[in-house]
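Colleague: any chance you can model this:
(chains A and B)
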Amino acid sequence: MKVSIEINGRTVTGEVEDRTLLVHFVRERAGLTATNVGCDTTSCGACTVLLDGESVKSCTVLAAQADGHAVTTLEGLRGEDGGLHPLQRAFREEHGLQCGFCTPGMIMAAVSLLEHNPKPTRHEVRDGLEGNLCRCTGYHNIVNAVMNASGQEVQR
Amino acid sequence: MSIVGTRVVRIEDQQLITQGGTYVEDLRAEALTGAVHAMFVRSPIAHARIVSIDTSAALAAPGVVAVYTAADLDLAPHRAGPVVEPWLAGEVVRYVGEPVALVLTEERYQLADAAELVDIDYDPLDVVASIDSALAGETLLFPDQGTNLLQTTGGEFDGTAFDDCEVVLTRTIVNQRVAPAPLEVRGAACTWGADGRLTLWLSTQNAQIARSTVAKGLGVRSADVRVITPDVGGGFGAKIGADPEPVVLGWAAKRAGRPVRWTETRSENLVAMTHGRAQQNTITIGGRRDGTVLAFRLEVVQDAGAYPRALFLPTLTELMATGVYHFPKVETSSRAVVTNTTPIAAYRGAGRPEATAAIERAMDLFAAEIGMDPAQVRRVNFIRPEEFPYTSPTGASYDTGEYAQALDRVLAAGGYAELRAEQARRRETGDPVALGLGIAAYVEITGGDSGGESGRVLINADGSVTAWTGSSPHGQGLDSTLAMLLSDQLGVPMDKITIRHGDTDEVPRAVGTFGSRSLQLGGSALRQAADQVIEQARALAADRLEASPDDIELADGSFRVRGAPASGSVTWAQVAGQAELTADVWFGEGTPTFPFGAHLAVVEVDTLTGKVVLKRIIACDDAGPVVNPLTFQGQRHGGLGQGVAQALLEVMNYDADGNPTTATLADYSFITAPELPDFELVESETPTTRNLLGVKGIGEAATIGSTPAVHNAVVDALSHLGVRHLDMPATPLRVWQAITDARKAN
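Modeller: As a prediction, this is how the structure comes out:
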């Protein structure tokens, strides 16, 4: 079937198998490889993107389901000044990433989290990122990054 | 002011936070144009004879380019310890997940469809799914060996070691099997060039070791293989070198005449990437009621899995058996058995966490038996600062340590006395939520027994610096750390320094990253190379400044005559324009260093449900001078997270038939953000004299300390109910069962 998806402001059209996952459409048709696949059970969150502004795990969405909708990936994330998004900046400042594989999904999940709760507590950040697994950081600095991006105090 | 020791954000991150990394699966190299996709068909049965393999249906499936089995492979066999491990199983399968066939297709989505059509007829054999059944020996994995016991060390105990003890305790404890499970699963891409060379992009910790393994496997010269390491999404020891799969892929690319891409699925990763730990250890500890331990015995049994790929693990556990303590009498032994399970190899700490878990549980058992605070028992037995260098009874040569100080610092930072008072208060009031305090003091061995490391420094004509390291980071931030060291030493700003690694054509000789060796060996190599380059430059600068080289100093990035500022200065660019300034060195022979520390864990256990909540963990991890506190703390955070996870959650389980029951991330418990507290780090820096930087490794240390600290805390929480021990992980069911059993017994 033919699908047409707006990805980071650009419309990408392609003929896909019915079973094509959004994550593979994004990676292979749109050529945007920041969004990663880390598991086959929708457990790890490495593939998290924004679908019409809401975070979804793109390994659990069919490309067909996203037909006519708008997707934002890490590559399309910008701050208000066109530079780094506050979360991108904060992940760097707070050492919220190590190997970087979970990072695109983690940042996109955090974007959605702050959208809904602009001043979360550390506890709320932890709960909000429950669906995103990181094997490197122990999460401490990821929580710091989200707190930093929300303009709150961090615990170094 | 020196940049070393200051908090510097990573140079690696800009790309990772804007475009994501370039992991193997992200590669769009032209050389991979027209690549076929590869999937291994893996055994669904733990132990069986292969009766027949019919590939005809698979070959007829859409997009299938080739299906290969053992019958097609013309590769010499390779060994795992004393046995042969097939590249693809052709006669017998020995674990669920063992590769049996390889399918190549044009499109990714065709892989699983085709793989399902490979018709393999298995004749099941009896399964050896546990250490006990392996030792019983009724079924043998390798009948030619005559036994499942493939390695034995020590064990000639004279029987008198514990004669002088007032108290002797013995207990068998399980250090459960866990999955390294880096977030990026294993992946590779490869192609043969017109020049007859194989280029292999591989998610590995050591391109050079991988090159040797793959070249040997393929029967070609090392020079005919180029391994390139793109960004690597975590390794944790399980991506050391190359597994059998890349060899088969390299062979298949040649046979098919096409580039090949391979990414395993997460389920495959959980059953086919090597696992870690998997020891059953019997500890015997004896001593006096004043807290002095007089004798300790450790008997290690390593479940090596189906093919014994890492028989150094149990002996490394023996080497580190006595931890941070001076014990007059020590005895160790080890046995390694094969079972119908996934092979065991290195996982963060590799042998040392097992040793530490054993001795730290033993110390707590001893403390409980004599009625002494576990902190005090440790103080009585610590090796003292004036005893270093200290050779342990098992032959480890500890460099430096401040063991008591590390423990005292975490106890002070945690408010140990107040926590004990709170624990007593809860017990008096019958609070169903019990408080538990767990201590672990540890010593770790880093950079040991693995050769040295390479380093090369080149000053470019514009004064910028390119450095090549044999170390191979996969999340540690080593680029930043090494750039900081060079910036400090050469007086060149970090943004003019490029660190390169992970391409065997650029760095032909190297060992790579494991055993927390990168900074102490790789960093020292670059330090040495940079020193040589400075010497070369001083001679050139001396000519220009018409002075003796001995009078030339490098300050703020330029060369001057010492004590004569008016005589002018020469920049790096100026001397680099005169001659090639470069040095290529090999540092050290892998002399180990011994980081150490102490952790205090505070848990709450709901005695009605068995649920454990880690409330706090306070960690002192001393690895000598810190180059970048940011990445140093990051390594500790990660280690804490993984160590805590082993204590509380993680276990790779098999049923009696050898079927893995935790083969997806829906079943295998990664620890998540809400399950961890904010980490409380306590600083301490005790240098070593065994490398140029005074540094020790930090990559694994916090994993080693945190597991027994949390485990001890759970047992401590339940001690007033009569619980003395329970095996990891402390899942609610297991904790509830221990409480129930203790109540029945009382």
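Colleague: so which residue is dead centre in chain A?
Modeller: For chain A, A:M108 is the residue whose C-alpha lies nearest the centre (CA atoms, centre = their mean; 2.5 Å).
Colleague: and B:S706, how many neighbours?
Modeller: Using other CB atoms under 10 Å in any protein chain shown, B:S706 has 34 other residues around it. Glycine gets a C-beta too; all of them are placed from N, C-alpha and C.
Colleague: no no, B:G351
Modeller: Count around B:G351 with other CB under 10 Å applied: 27.
Colleague: grab the nearest non-local neighbour of it.
Modeller: Excluding its sequence neighbours, the residue lying closest to B:G351 (CB to CB, 6 or more residues apart in numbering or on different chains) is B:L316, at 3.1 Å.
Colleague: if I look at that neighbour, how far off is B:A295?
Modeller: 22 Å (CB to CB, to the nearest Å).
Colleague: the strands in chain A, which residues?
Modeller: Taking DSSP state E, the strands of chain A run over residues A:2-7, A:10-15, A:48-51, A:54-57, A:70-72.
Colleague: need the winner for burial among those.
Modeller: Comparing the strands of chain A by mean neighbour count (mean count of other CB atoms under 10 Å in any protein chain shown), strand A:48-51 ranks first with a mean of 25.
Colleague: strand partners (parallel or antiparallel) of that strand?
Modeller: strand A:54-57 (antiparallel), strand A:70-72 (antiparallel) (DSSP bridges).
Colleague: list the contacts of the last one.
Modeller: If I follow you right, that is strand A:70-72. A:5-8, A:22, A:26, A:49-53, A:58, A:108 (CB atoms under 8 Å, 6 or more residues apart in numbering or on different chains).
Colleague: make it 7 Å
Modeller: A:5-8, A:26, A:49-52 (CB atoms under 7 Å, 6 or more residues apart in numbering or on different chains).
Colleague: between all of those residues, which two are separated the most?
Modeller: The span of the contacts of strand A:70-72, defined through CB to CB, is set by A:V26 and A:D52 at 14.6 Å.
Colleague: higher neighbour count, the two?
Modeller: The neighbour comparison of A:V26 against A:D52 (other CB under 10 Å) goes to A:V26, with 26 against 11.
Colleague: that one against A:T35, yeah?
Modeller: Yes. Between A:V26 and A:T35 there is a contact at 5.3 Å, judged by CB atoms under 7 Å.
Colleague: which residue sits closest to whatever residue of the stretch 201-350 of chain B ends up closest to chain A, ignoring its sequence neighbours?
Modeller: Among all residues of the stretch 201-350 of chain B, B:G233 sits closest to chain A, at 3.2 Å; criterion: CB to the nearest CB. Using CB to CB, 6+ apart and skipping residues adjacent in sequence, the residue nearest B:G233 is B:E184, 2.4 Å away.
Colleague: what residues are up against that neighbour?
Modeller: Contact partners of B:E184, counting by CB under 7 Å, 6+ apart, are A:99, A:101, B:23, B:203, B:232-234.
Colleague: which neighbouring elements make contact with the lengthiest helix in chain A?
Modeller: Taking DSSP state H as the criterion, chain A has its longest helix at helix A:103-116. Judged by 3 or more CB pairs under 7 Å, 6 or more residues apart in numbering or on different chains; DSSP states H and E, the packing partners of helix A:103-116 are strand A:48-51, strand A:54-57, helix A:86-93, helix A:140-149, helix B:13-18.
Colleague: what does it contact?
Modeller: A:34-36, A:45-50, A:54-55, A:74, A:77, A:87-88, A:91, A:97, A:120, A:125, A:128-129, A:131-132, A:134, A:142, A:146, A:149-150, B:16-17, B:20.
Colleague: now A:S43, nearest residue through space, not along the chain?
Modeller: Distances taken as CB to CB, 6+ apart put B:L665 closest to A:S43, at 3.7 Å, once the chain neighbours are dropped.
Colleague: again with B:R562
Modeller: Closest residue in space to B:R562, ignoring its immediate chain neighbours: B:E553 at 4.6 Å, by CB to CB, 6+ apart.
Colleague: and the residue of the stretch 501-650 of chain B found nearest chain A, what helix or strand is that in?
Modeller: With CB to the nearest CB as the measure, B:G641 is the residue of the stretch 501-650 of chain B nearest to chain A, at 3.0 Å. Using DSSP states H and E, B:G641 falls within helix B:629-648.
Colleague: buried residues, that helix. List them.
Modeller: Residues of helix B:629-648 classed as buried: B:629-648 (neighbour count, 16 or more other CB atoms under 10 Å in any protein chain shown).
Colleague: still on that earlier bit, for whichever strand or helix holds the residue nearest to B:R562, name the packing helices and strands.
Modeller: Assessed by DSSP H and E, B:E553 sits inside strand B:552-555. Contacts defined by 3+ CB pairs under 7 Å, 6+ apart place strand B:552-555 against helix B:524-545, strand B:558-561.
Colleague: so where do the strands sit in the stretch 101-250 of chain B?
Modeller: For the stretch 101-250 of chain B, the strands defined by DSSP state E, counting those that start in this stretch occupy B:119-124, B:149-154, B:167-178, B:187-192, B:198-202, B:225-228.
Colleague: contacts for the longest one next, please.
Modeller: What that stands for is strand B:167-178. Here strand B:167-178 has contacts from B:162, B:275-287, B:289, B:303, B:347, B:354, B:357-358, B:361, B:365-366, B:369-370, B:646, B:650-652, B:725, B:727-729, using CB under 7 Å, 6+ apart.
Colleague: B:R517: what's it in contact with?
Modeller: Each residue near B:R517 by CB under 7 Å, 6+ apart is listed here: B:446-447, B:450, B:697.
Colleague: what number of residues lie near B:A424?
Modeller: 12.
Colleague: list the buried residues for whichever strand or helix holds it?
Modeller: Per DSSP H and E: B:A424 is located in helix B:416-429. Residues B:416, B:419, B:423, B:426 are the ones in helix B:416-429 that count as buried (16+ other CB under 10 Å).
Colleague: and the first one, what does it touch?
Modeller: What it means is B:Y416. B:Y416 makes contacts with B:375, B:600, as judged by CB under 7 Å, 6+ apart.
Colleague: can you check the last one too?
Modeller: For B:R426, the contacting residues are B:434-435, taking CB under 7 Å, 6+ apart as the criterion.
Colleague: and if you look at the third one?
Modeller: Contact criterion CB under 7 Å, 6+ apart gives B:435, B:437 as the residues in contact with B:Q423.
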